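Asker: Provided below are the primary sequence and the corresponding predicted coordinates.
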Amino acid sequence: MKTSSSSKQLFENPFLERFSRSNAIAVISALFILAFIVFLYGLYIQVMAIPSQIAWLLIGLLVFSFAEYLIHRYVFHHGNYREGKSWQSKFHGIHHDIPSDRERLTLPMPLALAVSSLVFFLFKFLMGSLAYGFFPGFISGYALYLLVHYWIHTRKPPRNRLKVLWRNHHIHHHVNEHKAYGVTTPFWDWVFGTLP
């Protein structure tokens, strides 16, 4: 894979270095397809009424939105996340150092699918058959987050209401990294007082 013009080597091991990069559109597409397959399988095995499964999908989307904010604020920005050899430095600090690196805007495909599978089985264990609605919503929320984040870093802001997402994320990267943790919505920043 050709590397981004503005990229940084993270690992000396060539396999790990290659594994640390990804094609964002391929990962996003795979996650949407995975969500669609799980949702359809839930319909096929008739785990619940269709309106209930759709309702759980919407709940999953909402819960992911909240999880996006919490993980970005309290996990990715925990402690001195930009220095040292911490996993935060490798996975998120590098993004703040080189936000234009298109190949590090998503998890690599094998890791994204492995984590998604673990999340599905966790939801299945905790929620039973409700996971066939909830997981597709949650993972679609994740894919939507990745897509919006990719667009923010690779496209000019639109001339509509979505422009605020570009503005807030720019503030987060270049003005105050303790503000604007939400990528897909400013709602949770408003709720928790971290709007710029």
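Answerer: Arrived safely, thanks for sending.
Asker: Same question for the helix ranked longest in the chain: list its buried residues.
Answerer: Longest helix in the chain by number of residues, with DSSP state H as the criterion: helix 131-154. Residues of helix 131-154 classed as buried by neighbour count (16 or more other CB atoms under 10 Å): 131-153. (Each C-beta comes from the backbone N, C-alpha and C, glycine too.)
Asker: How much space separates the closest residue in space to Phe192 that isn't next to it in sequence from Pro110?
Answerer: Distances taken as CB to CB, 6 or more residues apart in numbering place Tyr69 nearest to Phe192, at 7.4 Å, with adjacent residues excluded. For Tyr69, the distance to Pro110 (CB to CB, to the nearest Å) stands at 27 Å.
Asker: Comparing these two, which shows the higher neighbour count?
Answerer: Tyr69 (22 against 11; other CB atoms under 10 Å).
Asker: can I assume the more buried one is in contact with Trp188?
Answerer: Yes. Tyr69 is within contact range of Trp188, at 3.7 Å (criterion: CB atoms under 8 Å).
Asker: anything in contact with each of those two?
Answerer: Shared contacts of Tyr69 and Trp188, defined by CB atoms under 8 Å, 6 or more residues apart in numbering, are found at 181-182.
Asker: low-scoring stretches of this structure, by residue?
Answerer: 1-20, 79-102 (pLDDT under 70).
Asker: now with 80?
Answerer: 1-21, 77-105, 174 (pLDDT under 80).
Asker: mind listing the helices for it?
Answerer: According to DSSP H, the helices that the chain contains are 14-19, 24-44, 50-70, 87-88, 94-97, 109-127, 131-154, 163-174, 187-192.
Asker: Can you convert the ones you listed into TSV and add a column each for distance to Ala180?
Answerer: Shown next, in TSV, are those (distance: least, CB to CB, whole Å):
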stretch	distance to Ala180
helix 14-19	30
helix 24-44	21
helix 50-70	10
helix 87-88	18
helix 94-97	13
helix 109-127	24
helix 131-154	11
helix 163-174	4
helix 187-192	6
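Asker: Of all these, which one is nearest His77?
Answerer: Closest approach to His77 among the helices of the chain (CB to CB): helix 87-88, 7.9 Å.
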